[in-house]
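**Q** my questions are about this predicted structure, shown below with the sequence.
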Amino acid sequence: MTSTRLVLLFAALALLVPSPEAAAQTSRNGAYFELGGNAVVSSFNYERRFREQWYGRAGLSLVVGQHDDDTDTTFLFPLTASYVNRPLSNHHLELGGGVTVVAGDAQELWEFGEDDEKVARVLMTGIAGYRYQKPAGGFLFRATFTPVVGEGEILPWVGLSFGYAW
């Protein structure tokens with residue numbers, strides 16, 4: 001095994017070992033529905049706390065519409081990382097960012113490409129907002145400012161999330 005692979009293996013294992021502060025919290029996972037937000041439209045999301053106050057999220061959104069006697073389908077995949085302060089409180093400031101992958105018939109959402117052309121784009125997104133979540137889990141609520149940057153434009157956007165942490 002090369003030294004580079006060995007370093008990457010140890011780095012990956014270090015992310016899986018909980019820190020003492022993270023062990024004080026019991027909730028490590030979350031699932032929520034987000035209106036607006038990083039996917040621009042509604043999305044379903046799974047989130048995992050990796051280290052202390054750091055969370056990673058993967059989401060899925062599907063937009064189906066009619067366009068010129070054809071059904072257009074666009075998939076959106078928001079992938080983000082967030083820093084959440086005050087891990088032993090119920091009220092938090094959440095800051096982060098990531099990307100949203102857009103694939104399919106994106107004419108329904110943006111003017112990407114020509115009609116009947118399949119497209120794939122990566123949009124940059126940000127997160128700044130309020131999060132309500134008890135350390136032990138339960139109801140999860142987020143209200144965030146989530147600007148989306150792509151195709152040379154900045155779309156100021158917001159999101160509301162409702163879900164459950166365990």
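**A** Now that the structure is in, tell me what you want to look at. Being a predicted model, the structure only gives us computed values, none of them experimental.

**Q** by mean pLDDT, flag the weakest helix or strand of the protein.
**A** The weakest-scoring helix or strand in the chain, judged by mean pLDDT, DSSP states H and E, is helix 20-24 (a mean of 49).

**Q** can you name the element that comes right after that one?
**A** strand 29-36 (DSSP states H and E).

**Q** in this structure, where is pLDDT below threshold?
**A** When residues are selected by pLDDT under 70, those of the chain lie in 1-26, 67-69, 106-117.

**Q** show me the helices in it, by range?
**A** Along the chain, counting by DSSP state H, helices occupy 3-16, 20-24.

**Q** which residues of the protein fall in strands?
**A** Assigned by DSSP state E, the strands in the chain fall at 29-36, 43-51, 54-66, 71-84, 91-104, 119-133, 138-145, 148-150, 153-155, 158-165.

**Q** and the fourth one with strand 29-36, angle?
**A** Looking back up the chat, that one is strand 71-84. Strand 71-84 and strand 29-36 are oriented at 120 degrees to each other (axes from the mean of the first three to the mean of the last three Cα atoms, to 10 degrees).

**Q** which parts of strand 71-84 are buried?
**A** The neighbour-count check on strand 71-84 (16 or more other Cβ atoms under 10 Å) flags 72, 74, 75, 76, 77, 78, 80, 82, 84 as buried. To be clear about C-beta, it is placed using only N, CA and C from the backbone, and glycine gets the same treatment.

**Q** what's near enough to touch residue 35?
**A** Residues near residue 35 by Cβ atoms under 8 Å, 6 or more residues apart in numbering: 42, 159, 160, 161.

**Q** likewise residue 53?
**A** By Cβ under 8 Å, 6+ apart, the residues touching residue 53 are 21, 83, 84, 85, 87.

**Q** quick one, what contacts the third one?
**A** This means residue 84. 53, 54, 55, 92, 93, 94, 131, 133.
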